[in-house]
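Engineer: Following is a predicted model, sequence given first.
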Amino acid sequence: MVKEKKAKQYEIVQERAKCIGCGACAATCPDNWEMAKDGKSKPKKKIISQKEFGCNKAAADICPVSIIHVKEKK
C-alpha cells in the first residue's frame with residue numbers, strides 16, 4: 001500500500017490588535033496581505049499552501065512588531 005504524500009499547508013496567525021498599520025506586510029506580499037479600512041493589515045486567507053509560504057514568511061519576517069506567524073498546519 002502506497003501512502004499519498006499530503007501537501008503541506010500553513011496557517012497564518014496574526015495578533016491583529018497589536019498591528020501598527022505600517023503596511024510592510026502588504027507591500028512585501030500583496031498577493032495575500034491587504035490594508036483594511038481600519039488602517040490595519042489583514043491576510044486575504046489564513047490557510048496557505050507550500051507555494052504561498054515564501055511570500056507570507058517574508059511578510060512575517062519584515063513585520064516591525066513581530067505579530068505575524070506562519071506555522072505548519074498539522
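Structural biologist: Nice, thanks for sending it over. No experiment lies behind these values; they were computed from the predicted model shown.

Engineer: So for stretch 61-74, what gets flagged as buried?
Structural biologist: Buried positions in stretch 61-74, judged by neighbour count with 16 or more other C-beta atoms under 10 Å: Cys63, Ile67, Ile68, Val70. C-beta: built from backbone N, CA, C; applies to glycine.

Engineer: Most widely separated two among the residues you listed?
Structural biologist: Distance extremes for the buried residues of stretch 61-74: the farthest pair is Ile67 and Val70 at 11.9 Å, using C-beta to C-beta.

Engineer: And the helices in this structure, which stretches?
Structural biologist: Counting by DSSP state H, the chain has helices at residues 24-28, 50-62.

Engineer: Out of those, which is the most enclosed?
Structural biologist: For the helices of the chain, average neighbour numbers computed from mean count of other C-beta atoms under 10 Å are highest in helix 24-28, which has a mean of 19.

Engineer: any idea how far Ile47 lies from Ile67?
Structural biologist: Between Ile47 and Ile67 the computed distance is 18 Å (C-beta to C-beta, to the nearest Å).
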